[in-house]
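Peer 1: Quick one, what's the 3D model for this:
(chains A and B)
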Amino acid sequence: MLTNTESLKYFFSEGFLSFFFLFLLIVSFLKRDLFTNSSFVYLLGISGVIITLILELTLATAGQGHTQLLFYGMLRNDYFAHLFKLLLVFSSLFLLVFSFISKETNRKFLNSLEYVLLILASTLGMMLLASSVNLLMMYLSLEFLSLTAYLLTGFSHRDERSSEAAIKYLLYGAVASGAMLYGLSLLYGMAGSLDYFAIQEYFAQNNVSGVIAYISVILILAGAGFKIAAFPFHSWCPDVYEGAPTPFTAFLSVGSKSAGFALIVRFFYQIFIEKGGGDILVPIGGVDWSLLLAIISAFTMTLGNLAALQQENIKRLLAYSGIAHAGYILMAVASQTLFGVSSVFLYLVIYFLMNFGAFLVVIIIANEFNTELIEDYEGLVWKNARGAFLASMFTIYLLSLTGIPPLAGFIGKVYLFLSVFEKGSSLYWLAVVAVINMVISLYYYVRVIKVMFLLKGKEGVALSAMDRSQYIQYSIMAGLSFLTIIFGIYWVPLDTLSKLAANFLN
Amino acid sequence: MSEFIQNHILTLITFIPLIGGFFILFLPKDKHDVIRWSSLVITVVPFLLALILFAGFDRSVYGFTHSNGIQFIEEYTWIRAYNIHYFMGIDGISMPMIFLTALICPLCVLASWGINRGVKGYFFLFLLLETGMMGVFTALDFFLFFVFWEVMLLPMYFLIGIWGGPRKEYAAIKFFLYTLVGSVMMLLVMIYFYLTSDPHTFDMTKLAEINSVFDYRTILWFALFINFAIKIPVFPFHTWLPDAHVEAPTAISVILAGVLLKMGAYGILRINYAVLPDVSYNMSMFMAIFGMINIIYGALTAMAQKDLKKLVAYSSISHMGFVLLGIASFTNEGINGAILQMFNHGVITAMLFLLVGVIYDRAHHREIDGFGGIASVVPNYAFVSFLAFFGALGLPGLNSFISEVLVFIGAFKKYRVITAISASGIIITASYCLWTLQRIFLGKLNEKYKLLPDMNIRETISLLPLALLVVILGVYPHPVLNLMKSTVKYVNNIFLNMNL
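Peer 2: I've put the predicted structure just below:
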């Protein structure tokens, strides 16, 4: 356990980000007119995030797998934290780049500096969340992330949907985090400590009666489930996704969700698990959270998929699909195996690729047609070369989300199923529920493909041709789909990384 | 060079279409003829390779292990951590199917000559489809098999959905959903096999060897069987078939009926029989009954059809019933007959769909009653149609006769009543085939079609090889039977030695 000053040298990526954030903030007070050019502001934000990324990468590789407890046991620097932080910073990077590309953000935002600042702040919150091993620290970073997210959701100027979404998000979030706080206090009352390891030790040594622990776990799940949009805490999700600026929706569905999963995995595997001999994980604490999560997972994916069937708005459709995917990932969390933990990370990386890809297409289409309705995608592929490119890319992402080989989404699903089966026969039913859901999900993903490919395009809605200035967008899109295909065929690099993520239990 | 081809022939036969497909993508969009001719050349290459396979195939090997029974093996580690291999090889069950696929694909390219919207995309997807089909028949690693199995779905969806008939969207998504329901069940079974085997493996030969370690055998068997039954298709999972076949463009109907349906039966022989032999044996009666239902139901429904293409589609259901009955018999004759029937049905149904395409291109409808007496106008077309329909009804001297007789001989040893009822399907088949011929070709000439042009060179070339096979295999089936004989004997001996 390191003291505050000793910790700083393991904290320099977050440290840099905080410093950068404060620096920008102060400079902007002093010299307002320096930041009127929004491209400049975005580039500033992007470079800040890239530097954070590089610093984090150095830290992760230089650490050689050693773990440190920072700030008297508030944060834990291990591979799990590093990997998740990298994933989260990457998603912030994509958020900034997407916002830069999107015409919607340029049109609706009064001030891009505040937007960028808020993104930097929420990045910091997510990074802290991924590494916190103290109930209080975890709660604070969760709130940090949530508060910035509320603001970003409502950032569009004079947009009723956006403001409504922000208020909804705020109200749901306040209730959820209140419930969570109550759960945390119960846990503290039982174990007498805020530290994950102390609580784990308490559970390992004492036979606690299930009831209080159950109540506390369920209440904490309300807060965490809200973050990942799991049933029954999901109802904010479609409205917020629809109302928020599209780049931020993409971020919510990937970055903020990954952070939520980092929280859940850390919480359950660090407190309610004891490592037995070999790689056997023994659940402790008298709470059957595997079953609890399995039930939530089954409901989440079924509800997400059923609701997605009828959506007319592509952002809402992706919102419900995101709910369903949270359900899939929860399967692996429920498995109580090391393999499950690495599957969570692996799936999140793959989900990152395909979901950001899908949202990028949505953003570009919105730039062009100013629409989010699926019916306006009609005959996209037949319009011109650009339409064909966009439609083919979108098809790859959507099929990967369904889980059709040889795309990465399929590999992700195989890993989830493997972890469920590894748990043993008690969760076989969950795998069956999940495959039924896969079939349901095919229907709505393919419906979008159908509209783009099978229906004749409407007359009069032309698509502008490829434009030299848009090469960034196309190369990002092609890169994401290339990775989606490559990881579907050869995923060893991902596998190696995700195996590292499960190391934190040692 | 020749050594390279010898060592990698299965990879080449599988992936040349895909590589060619990418080549097609780079051709100029408007040069339709260039795209067509290159596709033709690309699909002929696997056919030539299949001829090499056919010549080099050792017909006497016996068994289902790496050293014995599987030929032209290519095995490389793909993902070491999960023991996934790129493992390809063929035996007597897959060899006829590969030959059939390689033969039908170039003919389908010829039949697709009339496609003139999105030509590039069409041929790219078609070639991707060929890779998927070849892969299914050559893969012996379950994971690889599954990937190829699913890879076929997507091109099929687009090929039906974009270039199909009036209800194409409905037919395409129905096909996709039905098949996916089956394959996700197979996915679960695959993962269960993998985790239960020790050391974990996807290798089908090893899974077959250690098959006794698996629990929940009946459930696993059913999950696999339903997947394959959807593909065959077995009643009551057949409802996707008439829609897909009718709406698909001609060449794709040919592929669907000629190759895709065979994958169901192939999968049952490859996985259900090899990995869960005891359950398969116990379920033989069950399969035989469904085979019987297929034969009778398919034939009766075909008789009631007014649309020629639908009639051919339902006749496929009926003919695939023979396959199911044959493999359910667990006799040498029955299984040989079933595989031969798979091959023969592939040839005949391909002919029938091509013929339907020919008449549809001219008359722009497929109503059986809308023609009449056209034999005098289009004599060549009529001749080939008679040959194909006679082949379908199992006329002695044509290929189906031999396979159906073998199936009945095999099945009669075990199930007298079921076989007897199934045999009556032959009569129903004969009646709808003859009735159709009569309504279209004989009788009074429909004045509307007085000037109907006969088949052109391209169409004749696409039908000729198949017509020759119908006749040759009807007289001398040994070239195909020899391929499978010893493998079938091996499969059957497994069951004889089980002492059940």
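
Peer 1: what's the host helix or strand of A:Ile449 packed up against?
Peer 2: Per DSSP states H and E: A:Ile449 is located in helix A:428-453. Judged by 3 or more Cβ pairs under 8 Å, 6 or more residues apart in numbering or on different chains; DSSP states H and E, helix A:428-453 is in contact with helix A:289-308, helix A:314-334, helix A:380-383, helix A:385-402, helix A:408-423, helix B:153-163, helix B:168-196. Every residue, glycine included, has its C-beta placed from N, CA and C.

Peer 1: ok, for A:Phe410, nearest residue in space, not its chain neighbours?
Peer 2: A:Gly403 (4.8 Å; Cβ to Cβ, 6 or more residues apart in numbering or on different chains).

Peer 1: quick one, phi/psi of the one you found?
Peer 2: Dihedral angles of A:Gly403 (phi, psi; degrees, to the nearest 10) stand at phi 100, psi 40.

Peer 1: residue contacts, residue 441?
Peer 2: All of this is about chain A. A:Asn305, A:Ala308, A:Ser321, A:Ala324, A:Leu401, A:Thr402, A:Gly403 (Cβ atoms under 8 Å, 6 or more residues apart in numbering or on different chains).

Peer 1: I was thinking of chain B, sorry if that wasn't clear
Peer 2: By Cβ under 8 Å, 6+ apart, the contact set of B:Phe441 is B:Phe371, B:Gly373, B:Ile374, B:Ala375, B:Ala382, B:Ser385, B:Phe386.

Peer 1: Which members of those residues occur in strands, if any?
Peer 2: Applying DSSP state E to those, no entry is found in strands.

Peer 1: between those residues, which is closest to chain A?
Peer 2: B:Phe371 (31.1 Å; Cβ to the nearest Cβ).

Peer 1: how near is the closest one to B:Met351?
Peer 2: 18 Å (Cβ to Cβ, to the nearest Å).

Peer 1: Looking at those two, which is more packed in?
Peer 2: Neighbours per residue (other Cβ atoms under 10 Å in any protein chain shown) separate B:Phe371 from B:Met351, with B:Met351 holding more: 28 against 24.

Peer 1: how near is that one to B:Val384?
Peer 2: B:Met351 sits 7 Å away from B:Val384, taking Cβ to Cβ as the criterion.

Peer 1: Can you give the distance from the helix or strand harbouring B:Ser315 to the centre of its chain?
Peer 2: Assigned by DSSP H and E, B:Ser315 falls within helix B:308-328. Chain-centre distance of helix B:308-328: 11 Å, with Cα atoms, centre = their mean, to the nearest Å.

Peer 1: which element follows it toward the C-terminus?
Peer 2: Assigned by DSSP H and E, the successor of helix B:308-328 is helix B:332-363.

Peer 1: related to what we said a few turns ago, list buried members of the contacts of B:Phe441 by neighbour count.
Peer 2: B:Phe371, B:Gly373, B:Ile374, B:Ala375, B:Ala382, B:Ser385, B:Phe386 (16 or more other Cβ atoms under 10 Å in any protein chain shown).

Peer 1: do you know how far the nearest residue to the last one once chain neighbours are set aside is from B:Val254?
Peer 2: So that's B:Phe386. Using Cβ to Cβ, 6+ apart and skipping the chain neighbours, the partner closest in space to B:Phe386 is B:Leu437 (6.3 Å). Applying Cβ to Cβ, the value for B:Leu437 to B:Val254 is 20 Å.

Peer 1: Around the residue nearest to A:Lys103 when sequence neighbours are not counted, count how many other residues there are.
Peer 2: Closest residue in space to A:Lys103, ignoring its immediate chain neighbours: A:Asn367 at 4.4 Å, by Cβ to Cβ, 6+ apart. Counted with other Cβ under 10 Å, the neighbours of A:Asn367 add up to 18.
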